[in-house]
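# Give me a 3D structure for the following:
(chains A and B)
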Amino acid sequence: MASFQSIMKKYLIILVIILNFQILLALYEDQVGKFDWKRSFIGKVKYAHFDSGKIIVGTEENTIACLNSRNGNIIWRQLLEDPREHQLQLLHSDRDLLSISGTINNWFVRTWDHHTGTLLSEWTISSDKSIPSEFTVVKGILIHIFPNLNSHLDVVTYNLDENNQKNTIKVPAPWITDTSNCVLTQSYYICISKNDISGQLYYVDILSESHNVHVKTLHSILGDVTDLIEILPFDDILPAFLLSSNGQASVVHVDKDTVNRKIYKVMPNAITNHNGEKPLIYQLEPAVHPDKLVQIRVKDYVTCQDEMAIELDYPIGLGVPTIVATATKNTLTDILLSTTDNAFMLVRLSDGKIMWTREEALSNIVTVEFFELPVSELDASIENEFKASSSSVFSMLSHRLNTQAKQLSTLIFGGQLMSKNSLVRDEFGLHKLIVVATKVGKVFAIDTLSGSIVWSYRLPNVEPFSILGEDKILLFAQRTARYAPLPAECILLAKDKYTGKGVMFQFDPITGYSKRGVKKLDHRIAQAILLPYEDDQHLKPVLIISSTNEVYLHPSCAVAEVYKQASRLYTYSFDEIGTFKGFSFIHSTKDKLRMTPSWELQLQPAKLVAVKTKHPNERVHSQGRVLPDRSVYYKYVNPNLIAVATISDDLVHKHVLSVYLIDGVTGLILYATSHKRCKGPVHLVHSENWIVYSYFNERFRRTEFAAAELYEGHVQSNSSVFSSYAVSLLPHVQSQSYILPASPVSMTVTLTERGITNKFLLVGLSNGGVIEIPWLLLQPRLNDLPCGPEESCIPYMPEIPLPSEAVINYNQTIGRVKGIEVAPARLESTSHVLVYGLDLFYTKVAPSKTFDMLKEDFDYMMIILVLTGLVVASYLTKYLAAKKALKQMWK
Amino acid sequence: MIYCLSAFLVLLLSVQKSYSGNIEYDGSVTIRLQHALVALEDPTFTERGNVTIQSLRLGQATINQKPLSSEEQLQLRDLAAKNNFYQIKSIVTANDGSQKTFLSAVKACMLAESELDDRLSVSIDYMGRVIAVALIVASKSTCEGAVVPLEKLKHFTTSVYVRHTEPGPIPDTASYIQKLEREREAKEKGEVKDNRSFLAKYWMYIVPLVIVMVVSSATNPDAQQGSQ
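Prediction:
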């Protein structure tokens, strides 16, 4: 019996081993973090509190987090609801942490544990009024105030200590004219009636029994002031507020019946600190010293005396700071600053040193571009050596000798600049630089190997364009780093925050150096395209179309070059209401490009939700699909194809999703399909000869995927040149749809250097995972053909399986995935992937496995031993055979 | 230069599947066609003719186009010779009286080479609203300018194709469940009796055996001869 059990055990072990072999697609435990990295962010800080060596923050991304005050690392983080609808309203740190977040009339009140971030309790407040309201906590009582203009205050109080006992009060307040002229400090609600000196100050203590309204003239508080007066909140703990005029503010202290203006003036960004022996005021000022930018001034709240002024080592690249919180412990004072470019930093007094900085701008990335690194100095000089620079023999000889001497010196003494920061291209293109543009207009370059920031550049007062409800800044790689010694060049296009006109920034993506800096354009940008033609400097021109259909070219000297190609140049534009227009450049002249409309589509009343073209660098390796009968079914690969998805409201079907494939040159609709009772969010992927899109089916209440593939048929109409005008055959369309048992938030497809590798769809899910789905699983099955392993075809399954091994970020949940960007490596099997959202996650994927790479655990010793063994054996046998043959001859 | 008539077969658009069974709408549409025969940045359009589609469902159309005047013929020939675009503007009037205007363009030389044999693709959305009118010339290649004798540029022979929006695919759960059912039933019934012949069943074991035997018998006589 015992022997039988041991046999069973052995079989079980073998079975487990076999099963394990089948999931080799996933990562081994020791490979975690080897090819990938993740950076976590929290968003722009809105509230911050110090709490015994930790910092508790609430951010505009509707996130609560606890940071280590020593290094700024996240100890815990809680993502609340979607920040586009819900916003944090209050973060109160007491015995427990209290947070209120919500929409205009629905709020979640939650308490959290300081140390672990676990949710302790949660209850909701809802109201039938849709007016802006305010929350505050005074002595364990949560006060919720609705100011009704010219009428009264609706106040609801909740006693947090006694089971959230609710109490509703109505305070008559006909003096509220504008909520921007009112502040709440402690339990006082204070308003000014006018923004100049003739105005009155009204205040009422909400928690008092009588609700006596006190009225004071601003003149009696401020004296003679001619400028505009603003009322600003000052502090949560002291009943005080600020009256600001002309960039300076007076602190006004309220105490029951009296208001009392402090004699000193402060900056409107001042803040108080209650941790020390006495309340102190901290404020930021421009530094006196010419080398420093910012200084901190400290004043005593009661005596109004200047305590000290400390100049900070404020770095140049960052935006304008404001103080969020301060805390004093022993003799050290920590100050938290938040800047206009969303950075968050800790400054320690008394030396004014910046302890750490968090670049929270990276929590809101809008555009990503991968860049190849330049070759090393040695390689560049070798390349330079063989460049035919002149025709004469002697100059060529001297050139060669010169470069070879340089090569020798770099070989011996090592490179100077490039090798030091090791931003050098590797053989397989696995080391790249990611340039990202963020919503606040800060540009970062990130190293793919380490995830560290190489450089950053802040563009002041810019904002992204809004394309179909999505924020986008345009980034074009005009010249890659391939053409040493010419530097790589990249162009960024965004919108001016105030004028709405275009902003252009041209820079070297490797170093971040910009020759011309930020250039403001005098027109709005409607469309911009990177043209595929290079000038003699290997620079690809960028074509910008203004909102008045004027055409601009950067660099403008490329007009002559582009004019030669003008008869083959087309573009399109669209607006959200569903008009699609195509343009040609046939009426251009040698010195001015002109755009003329050539086709037009009208998709109204449907609304455009997605427009996708193929990736410009995509290559299609295989021209057809081999059928079981050995015939070829040719793909319809039209480089000018635009995939468009629209949603229209319908009386019968509620929502109808329509998908069109449009030829961008002729405006011919090649394929049109509609899904009734289906609505967004629509995610569309367009690659090679196929599209995949996801949508929500209202009838079955599930997310579905549909795939459509285009074929020319069994004959290829023109194998050498493709022209959109030569229409001899409309493509055959195969389509199929599937159920996705998850909710996608973003979708893209892998891209490899030569397009030989299989395609994988990368789908970002709402649960923070990014899953890879092989295209083979979605590829429409041909109707009357067998499908099985022999045909290398996976039989149709209506539900797409989502095994956990297919999650490329394994257990590293990515907060609020917003987009996925891919780029090919120079190794055919591999693509770079950057997933961005609140977090950043980088990894490499190999859809056909790493067929062109040796495994890292490859046994080099073994193969050397085997090879030498074989060589020795063959020589030995040769010798023996010769000996035997000789013996045989003597016989 | 001899103008060669390329009389290849055009398999165009005949692949239109018929969805008439699924179509819930029907209606008639009139299209007023105008064309621009002079290549200008802001072209002037002149009347070309009218197309009436009586039934969108059936896709039947009456085409009424007058022949080109000699002046227009010259203009068109000029357009073709200079490799310019022949632009049309279609003003579509639907049943309810709503009007929509569409633009489309083809290479003039292609139109001339095909002797004014063009196709009008009228795309309609799921409700039967016209969303695009595109002019195409069926051809396997493009041209870069062509001179065509004037007498060939007189009558348009236009074909109109009404192109419907296909209903999208639906996940086919029913047949998949049936397939699983069938597999389960087959399993429950037990192994299907294998009634193949002995050879058909075990050929993979027999063939190597035979080969080994043949090889060994072929080498043995040699060895015997060698030893002699």
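# Going along the chain, name the strands of the stretch 201-350 of chain A.
A:213-217, A:230-233, A:240-245, A:248-255, A:258-266, A:271-273, A:280-286, A:294-300, A:306-311, A:321-329, A:332-339, A:343-349 (DSSP state E, counting those that start in this stretch).
# right, so of these, which gets closest to chain B?
Evaluated over those, closeness to chain B peaks at strand A:343-349, with 46.6 Å, by CB to the nearest CB. Using the backbone N, CA and C atoms, a C-beta is placed for each residue, glycine as well.
# Strands of the stretch 451-600 of chain A, residue ranges please.
A:453-458, A:462-463, A:465-467, A:470-472, A:474-479, A:489-496, A:502-507, A:518-520, A:525-530, A:542-546, A:551-554, A:570-574, A:579-584, A:596-602.
# again, but for chain B
With DSSP state E, the ranges of strands along chain B come out as B:29-36, B:46-55, B:60-65, B:85-93, B:99-107, B:119-124, B:130-136, B:159-163, B:166-167.
# Domain map for chain B?
B:29-163, B:187-227 (automatic domain parsing).
# Mean confidence (pLDDT) on the last one, please.
pLDDT averaged over domain B:187-227 equals 77, rounded to a whole number.
# per-residue pLDDT, the residue nearest to residue A:760 when sequence neighbours are not counted?
Excluding the flanking residues, the one nearest residue A:760 by CB to CB, 6 or more residues apart in numbering or on different chains is residue A:847, at 4.1 Å. Predicted confidence (pLDDT) for residue A:847: 88.
# Please enumerate the helices of chain B.
B:70-81, B:108-113, B:173-189, B:198-227 (DSSP state H).
# Please render those helices as a markdown table that adds distance to chain A and mean neighbour count to the earlier fields.
As requested, these are arranged in a markdown table below (distance: least, CB to the nearest CB, whole Å; neighbours: other CB atoms under 10 Å in any protein chain shown):
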| stretch | distance to chain A | mean neighbour count |
| --- | --- | --- |
| helix B:70-81 | 12 | 18 |
| helix B:108-113 | 6 | 26 |
| helix B:173-189 | 5 | 10 |
| helix B:198-227 | 10 | 10 |
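# between those helices, which one is nearest to residue A:160?
Among these, the nearest to residue A:160 by CB to CB is helix B:173-189 (51.5 Å).
# Show me the strands in the stretch 751-891 of chain A, by range?
A:760-765, A:770-774, A:819-824, A:831-836, A:840-845.
# I'd like to know which elements the fourth one is packed against.
Spelled out, that is strand A:831-836. strand A:365-372, strand A:432-438, strand A:819-824, strand A:840-845 (3 or more CB pairs under 8 Å, 6 or more residues apart in numbering or on different chains; DSSP states H and E).
# Can you give the contact residues for it?
Applying CB atoms under 8 Å, 6 or more residues apart in numbering or on different chains, the external contacts of strand A:831-836 come out as A:365, A:368, A:370, A:432, A:434, A:436, A:448, A:750-752, A:762, A:764, A:770, A:808-809, A:814, A:817-825, A:840-847.
# Which pLDDT does the model give the residue of the stretch 401-550 of chain A found nearest chain B?
Nearest residue of the stretch 401-550 of chain A to chain B (CB to the nearest CB) works out as residue A:549 at 11.3 Å. Residue A:549 is assigned a predicted lDDT (pLDDT) of 86.
# Lovely, talk soon.
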